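>>> return a 3D structure for these sequence lines:
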Amino acid sequence: MISRLLLFVFLCLISFSVYGNTLIVCNTCSYKTINEALQQSKAYDTILIKKGTYKEYNLIVDKPLTILGEDFPVIDGQSKGEIIKIISDYVTLDGLFIINVGTSYTEDYAAVRVVKSKYFTIQNLVLEKLFFGIYLEKASDGKVYHNKIVGDAEEEYNSGNGIQLWHCRNIEIDQNIVTHVRDGIYLEFSDFCTITNNISSHNIRYGLHFMFSNDDLYENNTFQNNGAGVAVMFSKKIEMYNNTFRDNWGSASFGILLKEINDSKIIGNLFESNTIGINIEGSNRVDYKNNDFINNGWAIKSRGACYANIFTNNNFMHNSFDLSYNSKLNDNKFEHNYWSNYTGYDLNKDGIGDVPYRPVKLFSYVVNRTPEAIILLRSLFIDIIDFSEKVSPVFTPDNLLDNAPKMKRISHD
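Numbers count the residues shown, from 1 in each chain. Model (predicted):
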């Protein structure tokens, strides 16, 4: 009996040391400011911030803590600088409304910055009137979940990004809404990260922008009405599944820009009403499968140095140009795609066209060299030169064919 009692006391002590105390912050509480509670807290304590407005900035979290907001208390940085900086492992921020981050052209002030930390959770925050939103720097094994980030960016030079990762690893970014910032989500030198179920829209530059980041997964995100959808550069082993790229319009806009991307997968995505669905340059061994390209200016624009790519089971529907190609050499494979412009026949009724389809029109070659020629797009003259090129290719690769085009739209359910 005594041994059991000692074991119970020991477990209670462990529980107390791990979970700590709760420090309550409010105008009438023992702790009237968040900074005071941070200074007095011990490792693994919980700081509960009651509803109200707290005019504070440069709050440093240097120990494992859980910081909870009750009814979304407002932390107003008064545009004086960074608001919360986390430099400890095992920190949770939850349920805060943070506004008025300072603007600086020498320092990237953020509403929340996480530096060299692990096992953190940033969730259920509302961030407004910001420079940078959530900035992760050399952090790992953390989660950015269910936050709403609303900027007021008008120009690139004086705005920051919504969620930024720099030299990070194993970060989950899930179910966030990011709008009216420079880049919605930005990654640089960040590997093994997952970007899922986010909505990034109406941003000045890109909905998602990442460089030199490998082995990342992007799934079930929506990138809509941005300056451009997604820019993917100098990376490898990227997987992009079931994302939506819609209404990214402009003279230099696209759903996805791929530059120097290798050994990756782009599967099950929707590209609808973009100037360019996918703009590709110097990207190799990429598998494009089960995607829908609908009502884009160009579904795919290949600018060269692209080899051993496979395009299969995609729907190309009602695009002005299905494929633009600027080389006479082709090392890519197109097979079993559906093309709404296909006019061939299927005598044996197996669902596959008996005549190969040439997706590159001569007119797309002309527009690449002389953009002003686009005004002739619907003219009879253009139909004639496209037909002549299809019969006897001179300017387009003669082996760039879909030898087994589908007769009906492919269901990707």
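>>> do I have it right that Q224 meets S201?
Yes: the pair Q224 / S201 is scored as a contact, 4.5 Å apart, by CB atoms under 8 Å. Where you see a C-beta, it was placed from the backbone N, CA and C, and this is true even at glycine.
>>> give me the common contacts of those two.
Residues touching both Q224 and S201 (CB atoms under 8 Å, 6 or more residues apart in numbering) are G207.
>>> low-confidence ranges in the chain?
1-19, 362-397 (pLDDT under 70).
>>> domain map for it?
Using automatic domain parsing, the domains assigned to the chain come out as 20-212, 227-373+405-413.
>>> turn those domains into TSV, columns for distance to E219.
Shown next, in TSV, are these (distance: least, CB to CB, whole Å):
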stretch	distance to E219
domain 20-212	5
domain 227-373+405-413	4
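>>> possible to save those as JSON lines with distance to N220 and mean neighbour count?
Below are these laid out as JSON lines (distance: least, CB to CB, whole Å; neighbours: other CB atoms under 10 Å):
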{"stretch": "domain 20-212", "distance to N220": "5", "mean neighbour count": "20"}
{"stretch": "domain 227-373+405-413", "distance to N220": "5", "mean neighbour count": "19"}
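>>> of those domains, which approaches N399 most closely?
domain 227-373+405-413 (5.4 Å; CB to CB).
>>> measure N100 to Q123 for me?
With the distance defined as CB to CB, to the nearest Å, N100 ends up 21 Å from Q123.
>>> scratch that, F192
Distance from F192 to Q123, counting by CB to CB: 20 Å.
>>> same check on W166?
21 Å.
>>> dump stretch 124-138 to CSV, restricted to CA.
The C-alpha coordinates for stretch 124-138 follow below in CSV (Å, rounded to 0.1, in the frame of the first residue of the first chain):
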residue,chain,number,x,y,z
ASN,A,124,-6.2,29.6,-34.9
LEU,A,125,-4.6,33.0,-35.2
VAL,A,126,-6.0,36.0,-37.1
LEU,A,127,-3.4,38.3,-38.4
GLU,A,128,-4.1,41.7,-40.0
LYS,A,129,-2.3,44.9,-40.8
LEU,A,130,1.0,43.1,-41.1
PHE,A,131,4.3,43.2,-42.9
PHE,A,132,5.2,39.5,-42.7
GLY,A,133,2.6,37.2,-41.2
ILE,A,134,4.2,34.0,-39.8
TYR,A,135,8.0,33.7,-40.4
LEU,A,136,9.7,30.4,-39.7
GLU,A,137,13.5,30.6,-39.6
LYS,A,138,15.7,27.4,-39.3
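>>> ok so D89 is a strand residue?
No: read with DSSP: H, G, I helix; E, B strand; the rest coil, D89 is coil and lies in no strand.
>>> contacting residues for it?
So D89 contacts P64, S117, K118, Y119, F120 (CB under 8 Å, 6+ apart).
>>> OK, contacts around the first one?
So the one you mean is P64. P64 neighbours (CB under 8 Å, 6+ apart): A43, Y44, S88, D89, Y90, V91.
>>> apart from its chain neighbours, what residue comes closest to it?
Spatial nearest neighbour of P64, excluding adjacent residues (CB to CB, 6 or more residues apart in numbering): Y90 at 3.7 Å.
>>> residues touching that neighbour, list them.
So Y90 contacts Y44, P64, K118, Y119, F120 (CB under 8 Å, 6+ apart).
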